[in-house]
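> Take this sequence and fold it.
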Amino acid sequence: MDVKTQLVKVHNNDNVAVATCPLEANTFSSTFQITVNQVVPAGHKVALADIAVGEAVIKYGFHIGEATAPIKAGDHVHSHNVRTKLKGGEQYHYSPIASTAKVNTTPLEFMGYRRENGKVGIRNEVWIINTVGCVNRTAERIANECSRRFASECDGFRAFTHPFGCSQLGDDLDDTRTILASLASHPNAGAVLIVGLGCENNQLKSLLPHVDKPEARIRYYNAQEVTDELEEGINAVYDLLKVMQQDKRQPINASELTLGMKCGGSDAFSGITANPTVGRVTDLMCNLGGSVILTETPEMFGAEQLLMNRAKNRTVFEDLKSLINEFKDYFIAHNQPIYENPSPGNKAGGLTTLEEKSLGAVQKGGTSIVQSILQYGEPKQDKGLSLLQAPGNDAVSSTALAASGAHIVLFTTGRGTPLGFPVPTIKISSNSDIANKKPHWIDFNAGQVLEGMSIDKCAEALLHHCLAVASGQQTCNEKNGSHEIAIWKRGVTL
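From the prediction side, this is the model:
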């Protein structure tokens, strides 16, 4: 069999190509003039030239590891013959470069909600947030009963439950309080009910001062202090709905939209189709005057210098360097290897090393200048691209994106997931197979890039899809009722 379009070389300097479909042994590529020597799964790499032991394997134009055994042209290149070249103690340097993003001056709009405090929301929901896991079921019962009684009064009732808030100390308690307060401040919530227990470490009196919400749009109480905590909550929501009755969608400039960029269940096509497409959307949004947040710090390892080169100034460079080193110290403090990151699913999909995964992942940040660095749970205040401290875990990092102000999370995936988060979550497939198999999960198919659509055209279509979602079009996670949060647990539990 002659293999023509079934092998893709990502960058001119690469010494490997990616199989776009399963390849049998002894198939010939007339494009690269090599014979594939072994069976190669879709998404996995094939050597385009001989690679000696210790020699660099190159993809995206950068080193993604080194050969641990002699590799012949046409050989399958993966974990059995490649390892990371990252050793720890990397030295970073400030070498600023200009953004190559194209400027788009055409104004775009969506239909959103203007809040009294100047913020803009894209949903008009009631969010029910509990201070402690002890009242999880109370929060859920309130949301369910309000959905039954008042379904037509707003865009939905969301209970964001979690197991924390009690027996936490120091920074761990601060993280829980920060995330919950930031979520309660989110403008997608037209109103918020906060339910406490009364005896927890995460006291209402300590949480409420950090919530940025007009007074008329927030209610709160401790369940221990009322007779019937369920009816107390329902009555509070009823009062909040009266305030929300006047809320109407109105035209909002796209510059007031904030997008959060995330990948999960990646495969080798994620860095070729979905992530570059999202990266183009990042550049389009930044040039429209909008805001983008990129997170997953450990999935920058091996590609962090590329982001550092785009730091707005030396201060941002130093902040980004601290962001990276703080996360490495976190691994070291827990006696875990810094550079063991690709999951079993990633590896099955063809990703071999952390460098390869990271070089694909950071493409979601496009080529825009990095304007600022956000700590975990910190609200985004400026425009343009910001990097946010959070782990790679899908639920933790996506919750962090929402807490920092993302109106929508753009979630690229090669293997698929039903997960959804506090804000609308646009699932973007890296290949058409998963889009066709899971249409109830996938909102947008970037696999079209493998079928001839340009990344620029794909990105333009995705941006307009984002504006439609911002204007009220439901995502799959919303249709499926999947709205989860997860809080990063870093400290001691009593």
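> all helices for the stretch 301-450 of the chain, in order.
Per DSSP state H, counting those that start in this stretch, the stretch 301-450 of the chain carries helices over the ranges 304-308, 314-333, 344-348, 354-361, 394-403, 432-437.
> Run through who's touching the last one.
If you take Cβ atoms under 8 Å, 6 or more residues apart in numbering as the criterion, helix 432-437 is touched by T413, G414, R415, G416, S429, W441, I442, N445, G447, Q448, L450, E451. Yep, even glycine has a C-beta here, placed from its N, CA and C like the rest.
> Could you pull up the contacting residues of the residue lying closest to S270 once chain neighbours are set aside?
Nearest residue to S270, sequence neighbours excluded (Cβ to Cβ, 6 or more residues apart in numbering): S430, at 4.4 Å. S430 sits next to 266-267, 269-270, 272-275, 412-414, 446-447 when contact means Cβ under 8 Å, 6+ apart.
> Make CSV from these and add neighbour count and pLDDT to it.
Shown next, in CSV, are the contacts of S430 (neighbours: other Cβ atoms under 10 Å; pLDDT from 0 to 100):
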residue, neighbour count, pLDDT
S266, 27, 83
D267, 31, 82
F269, 29, 89
S270, 33, 89
I272, 27, 90
T273, 28, 94
A274, 34, 94
N275, 27, 93
T412, 30, 97
T413, 28, 95
G414, 32, 92
A446, 31, 96
G447, 25, 94
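> In strands, which of those appear?
Counted as lying in strands by DSSP state E, out of the contacts of S430, are T412, T413.
> For stretch 62-81, measure first residue to last.
From its first residue to its last, stretch 62-81 covers 18 Å (Cα to Cα, to the nearest Å).
> Determine how far it lies from the middle of the whole chain.
Distance, stretch centre to chain centre, for stretch 62-81: 30 Å (Cα atoms, centre = their mean, to the nearest Å).
> Tell me the buried residues in that stretch?
62-67, 71, 73-78, 81 (16 or more other Cβ atoms under 10 Å).
> Let me know the closest of those residues to V195.
For these, the residue nearest V195 by Cβ to Cβ is I64; the value is 48.0 Å.
> Quick check: end-to-end length of stretch 360-375?
23 Å.
> what's the distance between G349 and V39?
Distance, G349 to V39, by Cβ to Cβ, to the nearest Å: 16 Å.
> what about those two, which has more around it?
More neighbours surround G349 than the other of G349 and V39, with 23 against 13 (other Cβ atoms under 10 Å).
> ok, back up a step: can you lay out the contacts of helix 432-437 as a markdown table showing distance to G289?
Putting the contacts of helix 432-437 into a markdown table (distance: Cβ to Cβ, whole Å) gives the following:
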| residue | distance to G289 |
| --- | --- |
| T413 | 29 |
| G414 | 32 |
| R415 | 35 |
| G416 | 33 |
| S429 | 29 |
| W441 | 32 |
| I442 | 29 |
| N445 | 28 |
| G447 | 30 |
| Q448 | 28 |
| L450 | 32 |
| E451 | 33 |
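> Would you list the buried entries among the residues you listed?
T413, G414, R415, G416, S429, W441, I442, N445, G447, Q448, L450.
> Please name the bridge partners of I58.
For I58, the beta-bridge partners under DSSP bridges are H63.
> residues touching it, list them.
Residues in contact with I58 (Cβ under 8 Å, 6+ apart) are H11, N13, D14, N15, V16, I64.
> Quick check: phi and psi on Q168?
phi -110, psi 150 (degrees, to the nearest 10).
> most centrally placed residue in this protein?
Closest to where the C-alpha atoms of the chain average out (Cα atoms, centre = their mean) is K262, at 2.0 Å.
> And the worst-scoring helix or strand of the chain on mean pLDDT, what's buried?
Ranking every helix and strand in the chain by mean pLDDT, DSSP states H and E puts helix 344-348 at the bottom, with a mean of 82. If you call a residue buried by 16+ other Cβ under 10 Å, then helix 344-348 has these buried ones: G345, N346, K347.
> doesn't S266 make contact with the second one?
Yes - using Cβ atoms under 8 Å, N346 is in contact with S266, at 5.5 Å.
> what touches both of these two?
Going by Cβ under 8 Å, 6+ apart, residues that sit against N346 and also against S266 are K357.
> So, low pLDDT: which residues of the stretch 201-350 of the chain?
By pLDDT under 70, the weakly predicted segments of the stretch 201-350 of the chain are 338-342.
> count of neighbours near I51?
Other residues lying near I51 total 24 when counted by other Cβ under 10 Å.
> In three-state terms, label A17 for me.
Three-state assignment for A17 (DSSP: H, G, I helix; E, B strand; the rest coil): strand.
> Check what pLDDT D456 gets.
As predicted, D456 sits at a pLDDT of 93.
> excluding its backbone neighbours, what's nearest it?
The nearest residue in space to D456 (Cβ to Cβ, 6+ apart) is R280, at 6.2 Å.
> same thing with M244?
G190 (4.5 Å).
> mean confidence score for the helix or strand that contains the one you found?
Using DSSP states H and E, G190 sits within strand 189-196. Averaged across strand 189-196, pLDDT comes to 98.
> Touching, H63 and I51? I think so.
No - H63 is beyond contact range of I51, at 11.6 Å (criterion: Cβ under 8 Å).
> picking that back up, which helices and strands does the helix or strand following the strand holding G190 pack with?
As assigned by DSSP H and E, the chain's next helix or strand after strand 189-196 is helix 204-207. Contacts defined by 3 or more Cβ pairs under 8 Å, 6 or more residues apart in numbering; DSSP states H and E place helix 204-207 against helix 170-184, strand 189-196.
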